[in-house]
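K.L.:
quick one, fold the following:
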Amino acid sequence: MSDGSDIKLYTTTPHACSYLDNKEATTLFIDPKAEIDADFYSGLAGHGFRRSGNHVYRPHCEDCNACISVRIPVKEFAFSRSQKRCIKRNSDLTFNVTQTPDTDEHFELYKDYINQRHSDGDMYPPEKPQYLEFLNNPFGCTHYIEMRLENELIGCAVSDQLSNGLSAIYTYFNPTYESRSLGKLAILHQIQRTKDLSLPYLYLGYWIKECQKMRYKSEYRPLELLVNNRWLKAK
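P.N.:
Sure thing, here's the model as predicted:
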């Protein structure tokens with residue numbers, strides 16, 4: 001296994017930013033052919049990298065640093081009253097953690113979620129090969145946290161288990177159950193799961209102040225931000 005010193009890095013050509021209007025983005029990728037295991041992937045997460053399918057990447061924009069990696073130090077995290085209400089509201093759900101989900105069942109849920117909530121996004125229209133590539137388990141550390149109402153799959157949080165925490169990759173759910181706040185519940189459950197595993201951090205990906213759909217991450221405090229390669233507490 002490489003120590004990382006010989007791994008190649010690639011950048012994309014500038015392209016339209018998915019989060020900020022009238023901005024161009026450039027992405028830095030780890031060589032897709034590189035041998036990466038869960039431990040090395042964990043180290044990359046500490047430097048602001050994320051995973052999408054087999055690709056490990058981070059923003060590398062020349063004139064913009066709006067995308068900031070954030071993580072929750074879960075030992076210091078205390079559930080607020082509104083977060084406790086969300087958990088109580090969903091006390092009739094059961095959670096099941098698996099590395100081998102029923103992909104047919106999950107794709108139907110994912111398809112409905114994309115069609116109803118993200119028909120203007122990069123993943124529309126949803127197709128099964130794209131779903132399988134996006135949310136696969138390339139490093140053997142991915143878990144699918146199923147949320148079920150009786151036997152119905154109504155939500156799933158895809159989560160990578162790192163050596164120093166969990167990384168929240170993606171959540172999809174049945175939009176019919178909007179009042180349950182399943183997206184928030186998924187984060188709260190992963191916070192508790194990180195605590196139960198005696199791991200220090202839950203990585204939430206990128207926080208973008210100017211992007212409304214990414215601001216929700218600031219609701220979880222304390223929060224640490226990666227600024228100039230240093231993890232700092234958010235004020």
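K.L.:
how is residue 114 assigned, secondary-structure-wise?
P.N.:
Under DSSP: H, G, I helix; E, B strand; the rest coil, residue 114 falls in the helix class.
K.L.:
quick one, phi/psi of the one residue sitting closest to the centre of the chain?
P.N.:
Centroid check for the chain by CA atoms, centre = their mean gives residue 169 as the closest residue, at 2.4 Å. Here is the backbone geometry of residue 169 (degrees, to the nearest 10): phi -90, psi -50.
K.L.:
test my guess that it contacts residue 51.
P.N.:
Yes - assessed by CB atoms under 8 Å, residue 169 is found in contact with residue 51 at 6.4 Å. C-betas here are computed from N, CA, C, even on glycine.
K.L.:
between the two, which contacts overlap?
P.N.:
Overlap of the contact sets of residue 169 and residue 51 (by CB atoms under 8 Å, 6 or more residues apart in numbering) consists of residue 160.
K.L.:
how about low-confidence regions in this structure?
P.N.:
1-5 (pLDDT under 70).
K.L.:
can you give me the strands for it?
P.N.:
Secondary structure of the chain (DSSP state E): strands located at 9-11, 15-16, 24-25, 27-30, 50-52, 55-59, 68-73, 93-98, 142-149, 152-162, 165-173, 201-207, 224-227, 230-233.
K.L.:
domain-wise, how is this structure divided?
P.N.:
For the chain, automatic domain parsing gives the domain ranges 9-65, 71-233.
K.L.:
span of the shortest one from start to end?
P.N.:
Across domain 9-65, the terminal residues are separated by 19 Å (CA to CA, to the nearest Å).
K.L.:
what do you get for stretch 91-104?
P.N.:
26 Å.
K.L.:
in it, what counts as buried?
P.N.:
93, 95, 101 (16 or more other CB atoms under 10 Å).
K.L.:
grab the nearest non-local neighbour of residue 134.
P.N.:
Leaving aside its chain neighbours, residue 134 sits nearest to residue 53 (5.1 Å; criterion: CB to CB, 6 or more residues apart in numbering).
K.L.:
can you pull the phi/psi pair for that neighbour?
P.N.:
phi 60, psi -130.
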